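Asker: take this sequence and fold it.
(one chain, ligands or ions: 3)
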Amino acid sequence: MERLPGGRRPRLVSSLGLGRRSWEVTLDEERGRLAWRDPRPPRRAGENCFVPISEIIAVEETEFNKKQRNIGRWQKMAKLHAFTVYYVKKARNHRWRCSDATFWCEDEHLCNQWTQALKELLEMQKSRPKQLLVYINPYGGKRQGKRIYEQKVAPLFSLASISTDVVITEHANHAKDNLFEVNIYKYDGVVCVGGDGMFSEVMHGLIGRMQKDSGIDQNNPKASLVQCNIRIGIIPAGSTDCICYSTVGISDPVTSALHIILGDCQPLDVSSVHHNNTFLKYSVSLLGYGFYGDILKDSEKKRWMGPMRYDYSGFKTFLSHHYYEGTIAYQPAKHTHGSPRDKERCRTGCYICKQSEKQLAEQSKERGLKHEEGEEEWKVIKGKFLAINAVSMSCACPRSPKGLSPAAHLADGSADLILVRKCSRFDFLRYLVRHTNQDDQFDFPFVDVYRVKCFQFTSKLSEDNESNVMDIGKKRFGQFCRDHPACCCSIVNSTWNCDGETLDSSAVEVRVHCQLMKLFARGIEEDCKDEAAHSQSSIEQLL
Ligand SMILES: Nc1ncnc2c1ncn2[C@@H]1O[C@H](COP(=O)(O)OP(=O)(O)OP(=O)(O)O)[C@@H](O)[C@H]1O
Ligand SMILES: CCCCCCCCCCCCC/C=C/[C@@H](O)[C@H](CO)NC(=O)CCCCC
Ligand SMILES: [Ca+2]
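Answerer: Numbers count the residues shown, from 1 in each chain. Ligands and ions are numbered 1, 2, ... in the order given. Down below sits the predicted model:
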């Protein structure tokens with residue numbers, strides 16, 4: 001379609017068949033949508049419908065088959081020409097499906113004109129991927145990764161004309177190592193089919209590769225890391241799928257595939273974890289010491305149980321009720337306006353994350369100016385903790401739809417540090433149960449939560465035994481309670497659960513890197529039944 005005078009975008013308006021009726025169909029480039037309305041007088045007319053062009057998956061010329069030709073009086077006519085528009089249909093609970101509408105007419109030229117115009121508009125959607133590198137973990141979750149990809153995802157990618165190179169992993173770290181070898185720059189994105197562990201592998205591969213190619217030393221905890229612009233798509237096929245759930249609102253392979261196809265982009269904070277100037281891991285979801293570390297350690301021995309292992313180990317760990325003594329030092333995240341106790345949630349187009357993006361852009365303009373981190377005040381907390389959790393996103397997942405920190409932001413450059421102090425089993429259970437209902441899980445005297453940009457932790461044991469990373473608040477503690485197993489104090493360290501993988505060191509130094517990477521997602525959309533979703537559901541009724 002050519003531009004109209006004054007730079008206005010054109011409209012294509014035709015009378016086309018859809019289902020049994022004739023509709024006035026408009027391709028309105030100005031408003032970015034394909035719309036059709038019943039041309040009959042208002043009282044007899046059905047609802048008007050539209051699909052945003054940004055939510056059209058593909059357009060195809062269609063052979064009109066016998067079933068489709070059963071369209072009343074039109075049946076008697078000569079050859080019909082048709083095209084099918086595949087588009088995203090938004091269902092409940094953030095679930096997306098691929099729906100289609102086949103428009104027909106007698107005029108072959110008109111049909112071609114429509115197909116051409118729609119295809120041209122799809123070509124203009126520049127953020128959509130054309131070539132993807134896909135890693136499938138055949139052993140993640142319920143071991144369904146390969147089937148899920150082949151049956152639910154690959155057909156959609158091929159409908160959207162996305163070409164793929166697929167690697168089925170043969171061992172742990174296969175994907176990560178491979179990302180250091182392949183020409184990643186020829187891809188528009190990397191897709192991982194699996195759980196949070198598989199995502200973590202791909203993320204480590206991509207971030208590591210970017211730093212290597214830019215000559216950045218990952219072992220330097222203060223290094224300014226290079227952002228990774230190659231987006232990652234997650235097709236959930238794991239046990240927790242927390243990263244997918246927290247960034248899309250549901251863990252559903254078809255929904256995720258559609259977000260990839262539309263070329264969504266969601267920046268994500270990444271925390272780096274170091275010990276004694278040695279890089280250990282990156283984390284985007286949960287860094288947990290105590291309760292979640294112990295669950296993970298126990299559950300690793302029960303991998304054969306699949307996702308159930310977490311319920312089994314969760315129950316066992318809850319009963320053991322171990323607490324751990326240690327010191328935490330943190331720097332509050334003063335750059336962001338939000339607080340972990342906010343009622344507002346991080347949703348698509350989040351204002352707080354946008355502000356952080358602006359600050360980040362300003363910072364990179366002023367690169368060279370010294371980071372003030374060192375000059376800012378550190379807060380130090382010592383105590384006995386059942387759990388120390390640092391989350392850079394809400395960590396919503398099917399087990400806990402609001403997550404460990406419901407008001408955490410995906411891309412604000414901060415993490416929420418949740419400290420659960422020693423308390424009774426009953427109180428700890430009350431705290432856990434609040435992750436599954438609407439009550440505030442931070443409203444307990446034994447729970448504290450802080451929004452931080454970095455923190456350090458040393459367990460009392462490692463303070464006693466080894467040289468630690470702490471310069472702040474370093475003091476020797478009294479003797480540990482070794483003689484009273486009933487009091488639940490642990491004479492051994494817990495382990496850190498870093499996005500579902502254990503870390504070897506208990507003393508860690510953690511720093512949040514604002515928006516270090518990007519996902520094929522758009523964050524969780526507000527729960528309103530929006531205009532488009534409403535119209536689209538009425539399309540179904542009309543067909
Ligand atoms: N072919 C393979 N054989 C064995 N392990 C693999 C293979 N491919 C990947 N892995 C490893 O399996 C681990 C777990 O995978 P994944 O995250 O997909 O499933 P999960 O642990 O069931 O789910 P979640 O992480 O959501 O709890 C990953 O850390 C990854 O390194
Ligand atoms: C009596 C009912 C109490 C119910 C309490 C439910 C609370 C659930 C909170 C779940 C938080 C998950 C945080 C995500 C962590 C992931 O990075 C990690 C890797 O997949 N998963 C686990 O460590 C697996 C962690 C599994 C925890 C059970
Ligand atoms: Ca964050």
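Asker: contacting residues for the residue in the stretch 151-300 of the chain that ligand 1 sits nearest to?
Answerer: Proximity of the stretch 151-300 of the chain to ligand 1 (CB to the nearest ligand atom) peaks at residue 195, 2.2 Å away. Glycine gets a C-beta too; all of them are placed from N, C-alpha and C. With contact set as CB atoms under 8 Å, 6 or more residues apart in numbering, residue 195 has these partners: 137, 140, 141, 236, 237, 238, 239, 240, 241, 500.
Asker: I figured the last one hits residue 296, correct?
Answerer: Pointing back at residue 500 there. Yes: Residue 500 is within contact range of residue 296, at 6.6 Å (criterion: CB atoms under 8 Å).
Asker: does residue 252 touch residue 97 like I think?
Answerer: No: the pair residue 252 / residue 97 is not scored as a contact, 9.4 Å apart, by CB under 8 Å.
Asker: who's more crowded, these two?
Answerer: Per other CB atoms under 10 Å, whichever of residue 252 and residue 97 has more neighbours is residue 252, with 22 against 14.
Asker: nearest spatial neighbour of that one, chain-adjacent residues omitted?
Answerer: Closest residue in space to residue 252, ignoring its immediate chain neighbours: residue 95 at 5.6 Å, by CB to CB, 6 or more residues apart in numbering.
Asker: quick revisit: quick check: chain neighbours aside, which residue is closest to the residue of the stretch 151-300 of the chain closest to ligand 1?
Answerer: residue 238 is the one closest to residue 195 (CB to CB, 6+ apart), at 1.4 Å.
Asker: got it, and residue 21?
Answerer: residue 38 (7.1 Å).
Asker: the one you found and residue 20 touch, don't they?
Answerer: No: with contacts counted by CB under 8 Å, residue 38 stays clear of residue 20, the gap being 11.9 Å.
Asker: between these two, tell me which one has more neighbours.
Answerer: For the pair residue 38 and residue 20, the greater number of neighbours falls to residue 38 (17 against 12), based on other CB under 10 Å.
Asker: got a list of what residue 235 touches?
Answerer: Residue 235 touches 145, 148, 149, 153, 191, 192, 193, 194, 253, 256, 257, counting by CB under 8 Å, 6+ apart.
Asker: roughly how far apart are it and residue 166?
Answerer: When distance is defined by CB to CB, to the nearest Å, residue 235 is 12 Å away from residue 166.
Asker: run the chain-centre distance for the strand or helix carrying residue 50.
Answerer: Using DSSP states H and E, residue 50 sits within strand 49-52. Counting by CA atoms, centre = their mean, to the nearest Å, strand 49-52 is centred 26 Å from the centre of its parent chain.
Asker: tell me what that strand is packed against?
Answerer: Strand 49-52 sits against strand 33-37, helix 531-542, with contacts defined as 3 or more CB pairs under 8 Å, 6 or more residues apart in numbering; DSSP states H and E.
Asker: let's go with 10 Å and repeat that
Answerer: In terms of contacts (3 or more CB pairs under 10 Å, 6 or more residues apart in numbering; DSSP states H and E), strand 49-52 is packed against strand 21-28, strand 33-37, strand 81-90, strand 96-105, helix 531-542.
Asker: ok so, going back, state the pLDDT value of the residue nearest to residue 195.
Answerer: For residue 238, the pLDDT comes out at 92.
Asker: re the thing from before, what do residue 500 and residue 296 both touch?
Answerer: 286, 288, 310 (CB atoms under 10 Å, 6 or more residues apart in numbering).
Asker: now pLDDT, neighbour count and secondary structure too, for the residues you listed, in CSV please.
Answerer: Converted to CSV, those look like this (pLDDT from 0 to 100; neighbours: other CB atoms under 10 Å; DSSP: H, G, I helix; E, B strand; the rest coil):
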residue, pLDDT, neighbour count, secondary structure
286, 98, 29, strand
288, 98, 27, strand
310, 95, 21, helix
